Structures are given as structure tokens and as C-alpha cells.
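*Asks:* Attaching a predicted model along with its sequence, questions to come.
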Amino acid sequence: MIPLSDWRAARLAALTAPDGWLNLVARIELSPGTFQVGRTQSIALPSGPDLLGTLTLGPDGASFARPWAAPQPFTPVADAFPQLRADPFLLEIHTVDGVPALRVRDLTLQPAVTLRSFLEAPDWVIRAKWESIAPETAEIAMKDGSTAAVTLTHRASFQHQGKTVTLTPTHWKSGQPMFVFRDATAGQTYPACRFLMGEDAGSDEITLDFNRAFTPPCGFTDHAICPLPPPGNILPFRVEAGELAP
């Protein structure tokens, strides 16, 4: 693992990047078809020109045409959703449970944020037991009140205060399991949940470094959709490590 200071610097850089979470200004659900996009169009943006261009969404993907140009396809992005730059915006086709939406990032913004964290806590760097389980489909709640289907394939367990704690990852990012959890610091940390990436997974062990637990996107913008923790990932004790509420 990279040093915690480098991890925190990379985390801040990702948040404030052009495709980060701080300049997200709209998320508009879509249906297949062709639509005019702009401040005064059927897909209404909160700012920018009256007509930004024309969005076409079909079974083979999405394209966008500026008023003076030929259509351009949205470009696939590793571990993210297809994107296209249409100044002054970065557009993204965001699909959750088969429902597409247009996410809009305003590139004229210069976002900044101060990330606060607990003091580094070596005791919260845990080498946990890592087990594969028979694949199981589960419905998890989302912060906007919807639900999403996920496939559960693994679980991690460790001892805390003489009891076994088991956490189940509900998502995977860049090949890493992502745990959505909440603990008794909620309120001091982001109230809905925090995210934690499992690292250095072996055949039977995985590292859970709670110093790298972080606030989910919905802690920074109302235009993000975030999963909530499954019941087993709600911890009755305090995890005084990782990010505090922004």
C-alpha cells in the first residue's frame, strides 16, 4: 500500500479533478431517443448556452452533436461511465440498474474542499480473514430511496473487543472489494455511511485499513447516488479512523 499521506493527497486530487465530485451540477434521467440539451431545452441544464447540442441515446450507446458539428460518441472510461467533453461541461452517461441518466460536470468551476480525518490509528489497520461464498444476489438500499441489485461473493471477518465482526463487500472498483459501512461515529463522520477499499487480498486474508475509510460521493453532492450499508455492515462501536464528515 502507498503511504497514508500519499493516499490522502491522491484522494483530494481525485475529488477536485475535472471528473471529480465537486463540480457535478446535474443528473437527469434519460429514455432512449434524441433530445435537445441546453439551458432552455427539453433536457434543461442549470447554466451554459440555451442550446448546448443534441443527445442521442440508443441500444448501441450514446452520442452528442454540437450545433455546428457531427455527432461524437461518448468515450468509454475505465472503472467509470462513458464521457464526452462539450465545453463548458463534461457529460457522462450514468447507468444504475439499467436506468441511464446524464450527469453534468461544470468545467468552469474551481472546486476546493478541506478533508478532515481522525488521527492515524495503527490499531485500525487490520489483517482480516477473507472468505469466498456462493454467489448471492441481494437488494441494497440507495440513499435516494431506490434499491439496486448486487452480487455478494466474499466476506471479511476480524475480532474486535472479543467478538467476531463480519463485513460484506457489495461493490468492486478496479478489482478491489468495496465495503459500505456505518459505525457509531456517524454524525461525526458522514451520517449515511463510509466506503472502504479492501487491499492486499490473498487467498484467505485481506487488509482493512480504516484510516483510509472515506466519505462517499453523496457526502459532497446531491447529484450522486450512493449505496447504503447492508445490515451486517452497520457496526455498533466507534471506528475512530479515516475521514470525518466534510
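*Replies:* Here it is on my side, so go on. Quantities reported herein were computed from a predicted structural model and do not represent experimental measurements.

*Asks:* Which residues belonging to stretch 25-37 are considered buried?
*Replies:* Residues of stretch 25-37 classed as buried by neighbour count (16 or more other CB atoms under 10 Å): 25-28, 30, 35-37. All C-beta atoms are positioned from the backbone trio N, CA, C, and that covers glycine.

*Asks:* And for stretch 171-188?
*Replies:* Of the residues in stretch 171-188, 171-172, 177-183, 185-186 count as buried by neighbour count, 16+ other CB under 10 Å.

*Asks:* Need the max-distance pair from these.
*Replies:* Taking CB to CB as the measure, the buried residues of stretch 171-188 span a maximum distance of 25.4 Å, between W172 and T185.

*Asks:* Run through the bridge partners of R182.
*Replies:* R182 forms beta bridges with I234, as assigned by DSSP bridges.

*Asks:* residues touching it, list them.
*Replies:* Going by CB atoms under 8 Å, 6 or more residues apart in numbering, R182 touches 191-194, 228-229, 233-235.

*Asks:* List just the nearest of those residues to H154.
*Replies:* N233 (13.0 Å).

*Asks:* State the number of residues packed around that closest one.
*Replies:* By other CB atoms under 10 Å, 21 other residues sit near N233.

*Asks:* Grab the nearest non-local neighbour of it.
*Replies:* F181 (4.3 Å; CB to CB, 6 or more residues apart in numbering).

*Asks:* Now the spatially most distant residue from the centre of the chain: which helix or strand?
*Replies:* With distances taken as CA atoms, centre = their mean, the residue sitting farthest from the centre of the chain turns out to be W68, at 34.4 Å. Assigned by DSSP states H and E, W68 belongs to no helix or strand.

*Asks:* can I assume T147 is in contact with A141?
*Replies:* Yes: with contact defined as CB atoms under 8 Å, T147 reaches A141; the gap is 5.8 Å.

*Asks:* burial measure for E92, as a count.
*Replies:* Neighbour tally, E92, other CB under 10 Å: 22.

*Asks:* The one 3 residues further on now?
*Replies:* Using other CB under 10 Å, T95 is surrounded by 12 other residues.
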